[in-house]
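**Q** Here is a sequence with its predicted model. Questions after.
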Amino acid sequence: MKMTLKWINAAVLSAFSTIALSDDVSQVKPHFLEVPRVDVIGTKDQQFKQSSTSTIIEQQELESAHVMTTNEALRKVPGVVVRDEEGFGMRPNISIRGLNPTRSTKVLLLEDGIPLAYAPYGDNASYYYPAIDRFSSIEVLKGAEQIKFGPQTIGGVINHITPNAPQAFGGYVSATAGNRDFLNTKINVGGNGMLLDYTHKQGDGARDNTYHNVDDLNFKLTKAINDYHGVTFRANYFSEDSQVSYSGLTRAEYINFGGRYNPFKRDDFETTRYGTSVTHDWQISSDLSLITNYYYSYFTRDWWRQQSNSSAGNIATGVGCAAVGNGRILGLEVDTDTCQGNQGRLRTYDTYGVEPRLSWSHDLGQLDIGIKAHYEEQRRVQKNGTSASARDGAISENNFRETNAYSGFISNRFDFGDFHLTPAIRYEHVENKRKNGATSASSLVTRGESTIHEWVPGVSLAYTPNDQYTVFAGVHEGFAPPRTEDLIGANGGSVDVGVEKSKNYELGFRARPNKAFSIESTLFYNDFDNLIAVGSVASNVALSEGKAKFGGLEILGRYDFDNGLYSRIAYTWLPLAEQESPFRNVLTNAIVGGSASGNRQPYAPKNTVTAAFGYKLGQWDAMIEAVHVGRQYADFAETKVVDITGQFGEISSYTIYNAAINYKMPAYKTTLFLVGKNIFDKEYIVDRTRGILTGMPALIQVGARYDF
C-alpha cells in the first residue's frame, strides 16, 4: 500500500509534465530541440550573466590535464576544498566556503540534474562517486540561484555533465598505465543518438595494503520524437571491489613507519550501483518548455573492517583485538590477524523520484517552476565476524529507514534593461521513518517517525551593461535536513535536533575584457543559526550543533598569451570560519571537545590556491600545476599538539605539483601523453578524522588515446 501511494504521488507529478497547455499544437511554431537535460548553469554565455557565483570546468581542461579524480578536478574551482581519503577519489570529502568536508554532506551532488548521492535527504554521505572519466564537464553553482535545486541549499550545487550522444558514428579508446600498478582503460563509442561509455580503473591506493578495482559502464540514448518532444534515456552500472581500511594511523605509527603504513591486510570494501533515468523535454512553444526527470538507483555497500578509528578501544571485539589496539597506540608493528574479529557495515539504498520543471520566457524575463517527489529506503545491518577475514557474523544492527520528500520552487528573473532581478522561494516537506529490527531473540523492535518542513527564500541581482562585465549580488536562506538517524533515536523516540539553517550573502563581478583574459571574484558571508556537526564513531564527535559564521574571497582567473603561453588561478581566502557559540551535544547539551565561541571551525584552511602555467606549440601542450592548502585544525578546540590517536592536532599546510604533456598526431588521430601527480613525492597529512591519513604519493603515468 505504501509503495502504491508513492507511485500515485509520482504519477500526479508526471501528469504535470504531459498536460497539454495548448489546445491546438499545430498552431505552435516548431522549436529546435536540444538534448533533454537539466543544467545548473548552462552555456558559457548564460554563466556570464548569472546572478550567482558559477564555474564550469570544461572538457578540454579535464582532458589536457588528464585529471585522475574528481578531487583533482574540483580543486580548480575557488571556494572548494576537497580532502583526499583513499587516493582514488572514490569517497571525496568536499567543502564549499569553509563547511566541514566529511563525506560531502554539506554539498548537493547531481548528474545531469539528477541526484547523484544515494540518500540526499536521509543520509547525504558520499561512499560512492563515479569515475571522473564519465563526465565531459562539471558545473559548480553557489549563491541564491541554488534555491532551484535541493535539498541542500547551503554550500553549493555540483552538477556532473555526461557527454552528449552523437548522431554520427565515432568515439575513442584510451589506455593509461603507471607506477603503483595503475591502469586506466576506456572506450567511448556512439552514433545515431546513442552512446556507450566504459571505464576500468585499478591500482594501489595511498597506503600499504590498499588496492582499488573499479568498473563504470554507461549507456545513453537521446531521441527526438517529433518537433516538440525529445527524450534522453540513461542506464549505468558501477562496481568497486577494493581492499581499503577505515582507520588512520596513530601518532606513534606515523612517526615509526611513515604515512604509507597500514597494518590491516584483510579489510574489504565492495559497492554496486545500478541507475536509470529518463528525461523528457517538451518544447511547448519557442518560449515555453517543460523538462521532466524520472530516476531510480539501487546502491549496495559492504565494508568489512577491523577498526573504525585509531583509538585503542575502537577495534572489533574478539580474542587478541585489545592487544592489537594497544600495540598500535604504542607504535608497534602488529599482526592484525591475531585480532579474531571484524565488523561488516552493510548498507543498501533504493532512491527514486520524479521532477518536472517548467520554464517560460516572457516579456519581463523568465519564470521557472519545479516540483519534486523523492523517495529513499535505507537498509542498514552490522555483522560482527569472528576472524580478520570473516564475511558473516552475528547481527548487532538491523535497521530500516525511509524518507519521503516533496518539494517545489518558483523563481522569476525580471529583466529591466541591463539589470536582472531574480526572487525565488523553495519549499521542502520531509517525512522520516525508522524501524530498529531485532538483533537477537531477546531484543525489541522499535519504530519512530518525524516530519519537517521549511520555506527557503532568496533573491539575487545582476547588472550586465555589455558582454564584457557583470556585477552580481545575492542573499538567500540555506537549508539542509538532518539525517533520519539524527531525528529518530535508536529507541524510536524523537531527537531534538534542528534543521541546518543559514543566511548567505555574496557580492561579485565577472569580466572578460578581451579574448585573452577572464576573471570572476566574489565576496561571501554565511551566517549559521544552526550548523550541525554530524555524529560519527570515526571522529569521536557526538551529534552536535551550534552557531557559526564564514566569510572570505574567491578569485578565478585565466590569461592566454599570444605566444601560446597560458595561465589560470583559483584562489580562496577564508579569514572567517568562527564558532559563534560552543557546539553542544544534542542529547546531553554538554559542550563538545573544547568547542568555544571564537574558535576556528575544523577543516577550514584560511588559504587555498590552485595555479597552473602551460604552453601550447603546434601539436604540443604542456602544463604544470601547483596545489596549495593552508594549515587547518582537526577539532573544535583548535588543538595544535597531536594526541596519541593522531585524530586531534593541527594539520600543516602543504603544496604539491602536477604536470602533463600532450602530443597530438592528427594524421593518426592519436594523442600521446605523459602525466605526473605529486611529482616531487611529497608526504603530507590530509585528514585526522579517523587517525592520520596522508595524500597520494607520486604517480607517473603514460598513455595514448585514439579517436575514430
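**A** All right, it came through fine. Residues are numbered from 1 along each chain as shown.

**Q** Check which residues of the single longest strand found in the chain are buried.
**A** Taking DSSP state E as the criterion, the chain has its longest strand at strand 394-416. Residues of strand 394-416 classed as buried: 395, 397-413, 415 (neighbour count, 16 or more other CB atoms under 10 Å). For every residue, glycine as well, the C-beta is placed using N, CA and C.

**Q** next one: stretch 137-149
**A** For stretch 137-149, by 16+ other CB under 10 Å, it's 137-149.

**Q** Quick check: mean pLDDT of that stretch?
**A** Averaged over stretch 137-149, pLDDT sits at 97.

**Q** mind listing the strands for the stretch 351-500 of the chain?
**A** 365-385, 394-416, 419-436, 446-463, 469-480, 500-514 (DSSP state E, counting those that start in this stretch).

**Q** Columns distance to Gln50 and mean pLDDT on top of those, output as TSV?
**A** Formatted as TSV, those follow (distance: least, CB to CB, whole Å; pLDDT from 0 to 100):
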stretch	distance to Gln50	mean pLDDT
strand 365-385	12	97
strand 394-416	10	97
strand 419-436	9	97
strand 446-463	7	96
strand 469-480	7	97
strand 500-514	9	97
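
**Q** Single out the most deeply packed of these.
**A** strand 469-480 (a mean of 22; mean count of other CB atoms under 10 Å).

**Q** could you check the angle strand 500-514 makes with that one?
**A** Relative orientation of strand 469-480 versus strand 500-514 (axes from the mean of the first three to the mean of the last three CA atoms, to 10 degrees): 160 degrees.

**Q** relative orientation of strand 469-480 and strand 419-436 in degrees?
**A** Using the same axes, to 10 degrees, strand 469-480 lies at 20 degrees relative to strand 419-436.

**Q** Direction included, what does strand 469-480 pair against?
**A** strand 446-463 (antiparallel), strand 500-514 (antiparallel) (DSSP bridges).

**Q** Give the rounded mean pLDDT of the helix or strand following the shortest one.
**A** Once the chain leaves strand 500-514, the next helix or strand it forms, by DSSP states H and E, is strand 517-533. For strand 517-533, mean pLDDT rounds to 97.

**Q** Give me the helices and strands touching strand 517-533, please.
**A** Applying 3 or more CB pairs under 8 Å, 6 or more residues apart in numbering; DSSP states H and E, one finds that strand 517-533 contacts strand 469-480, strand 500-514, strand 544-560.

**Q** Going by neighbour count, which residues of stretch 551-569 are buried?
**A** Gly551, Gly552, Leu553, Glu554, Ile555, Leu556, Gly557, Arg558, Asp560, Tyr566, Arg568, Ile569.

**Q** got it, and stretch 43-53?
**A** Quick answer for stretch 43-53 (16+ other CB under 10 Å): Gln47, Phe48, Lys49, Gln50, Ser51, Ser52, Thr53.

**Q** for it, how far is the first residue from the last?
**A** Length of stretch 43-53, first residue to last, CA to CA, to the nearest Å: 14 Å.

**Q** again with stretch 312-324
**A** Start-to-end span of stretch 312-324 (CA to CA) is 8 Å.

**Q** Tell me the gap between that stretch and the middle of its chain.
**A** 34 Å (CA atoms, centre = their mean, to the nearest Å).

**Q** ok, now which ones touch Glu650?
**A** Applying CB atoms under 8 Å, 6 or more residues apart in numbering to Glu650 gives the contacts Arg631, Gln632, Tyr633, Ala634, Thr639, Lys640, Val641, Val642.

**Q** which non-adjacent residue is nearest Gly89?
**A** Thr69 (2.7 Å; CB to CB, 6 or more residues apart in numbering).

**Q** And the one you found, how far from Tyr615?
**A** 25 Å (CB to CB, to the nearest Å).

**Q** quick one, which of these two is more surrounded?
**A** Thr69 (21 against 15; other CB atoms under 10 Å).

**Q** gap between the residue nearest to the spatial centre of the chain and Gly248?
**A** With distances taken as CA atoms, centre = their mean, the residue of the chain nearest its centroid is Leu109 (4.9 Å). Note on Leu109: its distance to Gly248, by CB to CB, is 24 Å.

**Q** Also Ala490?
**A** Taken as CB to CB, the span from Ala490 to Gly248 is 27 Å.

**Q** same check, this time on Gly557
**A** 36 Å.

**Q** And Asp350, by the same measure?
**A** 32 Å.

**Q** For the protein, which segments count as helices?
**A** Using DSSP state H, the helices of the chain run over 2-16, 44-48, 59-64, 70-74, 251-257, 321-330, 484-487.

**Q** so what secondary structure elements neighbour the third one?
**A** Counting contacts by 3+ CB pairs under 8 Å, 6+ apart, helix 59-64 packs against strand 137-141.

**Q** cool, and the last one?
**A** With contacts defined as 3+ CB pairs under 8 Å, 6+ apart, the secondary structure elements packing on helix 484-487 are strand 394-416, strand 419-436.

**Q** isn't Asp621 right up against Ala612?
**A** No: counting by CB atoms under 8 Å, Asp621 does not reach Ala612; the two are 11.8 Å apart.

**Q** low-scoring pLDDT stretches of the chain, where are they?
**A** 1-34, 537 (pLDDT under 70).

**Q** Next up, the contacts around Phe528.
**A** Gly478, Glu500, Lys501, Ser502, Lys547, Ala548, Lys549, Phe550, Glu580.

**Q** now these as JSON lines including distance to Glu650?
**A** What follows is the contacts of Phe528, written out as JSON lines (distance: CB to CB, whole Å):
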{"residue": "Gly478", "distance to Glu650": "29"}
{"residue": "Glu500", "distance to Glu650": "27"}
{"residue": "Lys501", "distance to Glu650": "30"}
{"residue": "Ser502", "distance to Glu650": "27"}
{"residue": "Lys547", "distance to Glu650": "24"}
{"residue": "Ala548", "distance to Glu650": "19"}
{"residue": "Lys549", "distance to Glu650": "22"}
{"residue": "Phe550", "distance to Glu650": "20"}
{"residue": "Glu580", "distance to Glu650": "22"}
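
**Q** Going by distance to Lys677, which of these wins?
**A** Among those, Phe550 lies closest to Lys677 (CB to CB), at 29.9 Å.

**Q** Distance of that closest one relative to Ile96?
**A** 10 Å.

**Q** of the two, who's got more company?
**A** A count of neighbours by other CB under 10 Å puts Ile96 above the other of Phe550 and Ile96, at 28 against 24.

**Q** which stretches of the stretch 551-700 of the chain form strands?
**A** Using DSSP E, counting those that start in this stretch, strands in the stretch 551-700 of the chain cover 565-579, 584-585, 607-617, 620-629, 654-665, 670-677, 685-687, 693-694, 699-707.

**Q** Quick one: these as JSON lines, columns for distance to Ile291 too.
**A** JSON lines is the format used below for the strands of the stretch 551-700 of the chain (distance: least, CB to CB, whole Å):
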{"stretch": "strand 565-579", "distance to Ile291": "31"}
{"stretch": "strand 584-585", "distance to Ile291": "44"}
{"stretch": "strand 607-617", "distance to Ile291": "33"}
{"stretch": "strand 620-629", "distance to Ile291": "36"}
{"stretch": "strand 654-665", "distance to Ile291": "36"}
{"stretch": "strand 670-677", "distance to Ile291": "35"}
{"stretch": "strand 685-687", "distance to Ile291": "39"}
{"stretch": "strand 693-694", "distance to Ile291": "41"}
{"stretch": "strand 699-707", "distance to Ile291": "31"}
